[in-house]
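*Asks:* Here is my input, please return the structure:
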Amino acid sequence: MKKISIAIVGTLLFAACQPKETSSTTNEVADTTKYAYTLKKDHHWEMNPDHKNLQTALNALKAFATLDTAALKPLIGDSVELTVDYYQFKGTGNQFIKEAKTHMDKFNSIEINMTDWESVISKDKSEEWVSLWYEQVSKMKDGKIDSVSYFNDFKLQNGKIVAWSEYTQHPMKK
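*Replies:* Next up is the predicted model:
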């Protein structure tokens, strides 16, 4: 009887220590929602736990706001694309800095009031983006003062900005 009890206890302990099989459907639930549009590719975006991209994007915006092309230059990739209202640029990092300097020369000062930010990475790690939402108050050299809400998207590769898209929400005229 003692041998049987030891065998039963041993079997129960062995069974209790075995890893339980989990079904892949318990970890990921398929989205069965019917959407009005479909994606060509679903990136399965995740929040990026590494803060380096966010720091790079914020430092680039800070360099622009302080009119400092020297601080901006090391944050830009070898080639970069810029898209803003009615303007598009595609060229080398050095050409971009030259264009930025021309644009910055129109400002006396820029104040940034940050609203929100988000840094994401695709599940397959092929794309990394940082999005910034903010209000910008610009004081121009011609004396004009402007306040505009912006949304910026930065695409990063190897820690450098390779694309910068800026979307403007102009204030409503009353």
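*Asks:* Can you tell me how far the most centrally placed residue in the chain is from residue 159?
*Replies:* For the chain, the residue nearest the mean C-alpha position is residue 130 (1.6 Å; Cα atoms, centre = their mean). Separation of residue 130 from residue 159 (Cβ to Cβ, to the nearest Å): 12 Å. C-beta coordinates here come from the backbone N, C-alpha and C atoms, glycine included.
*Asks:* Next, show the common contact partners of these two.
*Replies:* With Cβ atoms under 8 Å, 6 or more residues apart in numbering applied, the overlap between the contact sets of residue 130 and residue 159 consists of 53, 56.
*Asks:* Just the pLDDT at the residue nearest to the centre of the chain, thanks.
*Replies:* What the model reports for residue 130 is a pLDDT of 98.
*Asks:* again with residue 69
*Replies:* In this prediction, residue 69 has a pLDDT value of 96.
*Asks:* What values do phi and psi take at it?
*Replies:* The phi/psi pair for residue 69 (degrees, to the nearest 10) reads phi -70, psi -30.
*Asks:* That one touches residue 76, doesn't it?
*Replies:* No - if you go by Cβ atoms under 8 Å, residue 69 and residue 76 don't touch, sitting 9.8 Å apart.
*Asks:* so who does the spatially closest residue to residue 65 that is not a sequence neighbour touch?
*Replies:* Distances taken as Cβ to Cβ, 6 or more residues apart in numbering put residue 110 closest to residue 65, at 4.3 Å, once the chain neighbours are dropped. Residue 110 makes contacts with 64, 65, 66, 67, 136, 137, 138, 139, as judged by Cβ under 8 Å, 6+ apart.
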